[in-house]
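Undergrad: just coords:
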Ligand code: SF4
Ligand code: SF4
């Protein structure tokens, strides 16, 4: 038989001697391996209490961005939906009304904006296509759920907290982007 690797080891079929039949040496060897690992650095962490640092290019859950005054950046141009290879994004545009200047940055805004996370492949093309810095991918995982409809994220779930009213939550949602802003 032709071997695929050079690690082929024929099975030892000779009769075991008295010591081998006691298995004490084998047990001792096994215990030695176990004890040697006690003093080694653990490869695992106590998730979720502890988390590993994210890669700078990690692409997690989407966030719909606001500007420094808390106005929604999205102008419902649809470029993200066109760029999305999974057709996961749907939206409905609306005209900004007088008096809503503090809510929406542009004259047109997304009255409805949804991402189907079951379709999303987290490619990041929506983020790249957006000319308004209105959508970006955060360092948050998409949470698990039991119902398919819970994976259709609505605008209210995607929108970043208000920077002036919920500053701490806003900074947390910014994640790596907050550090980039400082640098
Ligand atoms: S990350 Fe990719 S697949 Fe997901 S919504 Fe954005 S463009 Fe579509
Ligand atoms: S998120 Fe960006 S690309 Fe998508 S509709 Fe809004 S402004 Fe346009």
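TA: In hand now; what should we look at? Quick caveat: nothing in here was measured; it's all calculated off a predicted structure. Residues are numbered from 1 along each chain as shown. Ligands and ions are numbered 1, 2, ... in the order given.

Undergrad: so where do the helices sit in this protein?
TA: Secondary structure of the chain, counting by DSSP state H: helices at 18-22, 24-38, 79-83, 125-129, 155-158, 167-174, 176-182.

Undergrad: mind putting those into JSON lines with distance to residue 138?
TA: All C-beta atoms are positioned from the backbone trio N, CA, C, and that covers glycine. Output for the helices of the chain, formatted as JSON lines (distance: least, CB to CB, whole Å):
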{"stretch": "helix 18-22", "distance to residue 138": "58"}
{"stretch": "helix 24-38", "distance to residue 138": "36"}
{"stretch": "helix 79-83", "distance to residue 138": "15"}
{"stretch": "helix 125-129", "distance to residue 138": "10"}
{"stretch": "helix 155-158", "distance to residue 138": "10"}
{"stretch": "helix 167-174", "distance to residue 138": "6"}
{"stretch": "helix 176-182", "distance to residue 138": "8"}
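
Undergrad: where among these is average confidence lowest?
TA: Among these, helix 176-182 has the lowest mean pLDDT, at a mean of 59.

Undergrad: who touches the most centrally placed residue in the chain in this structure?
TA: Central residue of the chain (CA atoms, centre = their mean): residue 60, 2.8 Å from the mean position. For residue 60, the contacting residues are 54, 122, 137, 138, 139, 140, 141, 142, by CB atoms under 8 Å, 6 or more residues apart in numbering.

Undergrad: ok, now residue 131?
TA: Counting by CB under 8 Å, 6+ apart, residue 131 touches 77, 79.

Undergrad: any idea how far ligand 2 is from it?
TA: Separation of residue 131 from ligand 2 (CB to the nearest ligand atom, to the nearest Å) stands at 6 Å.

Undergrad: so what's residue 112 closest to, chain neighbours aside?
TA: Leaving aside its chain neighbours, residue 112 sits nearest to residue 92 (4.0 Å; criterion: CB to CB, 6 or more residues apart in numbering).

Undergrad: distance of residue 171 from residue 132?
TA: Distance from residue 171 to residue 132, counting by CB to CB, to the nearest Å: 21 Å.

Undergrad: was I right about the residue nearest to residue 112 contacting residue 110?
TA: Yes - with contacts counted by CB atoms under 8 Å, residue 92 reaches residue 110, the gap being 7.0 Å.

Undergrad: need the residues touching each of these two.
TA: Joint contacts of residue 92 and residue 110 (CB under 8 Å, 6+ apart) are residue 76.

Undergrad: higher neighbour count, these two?
TA: Neighbour tally, residue 92 and residue 110, criterion other CB atoms under 10 Å: the higher count belongs to residue 110, 24 against 11.

Undergrad: who's in contact with the residue nearest to the more buried one when sequence neighbours are not counted?
TA: Distances taken as CB to CB, 6+ apart place residue 76 nearest to residue 110, at 4.1 Å, with adjacent residues excluded. For residue 76, the contacting residues are 91, 92, 93, 94, 108, 109, 110, 111, 113, by CB under 8 Å, 6+ apart.
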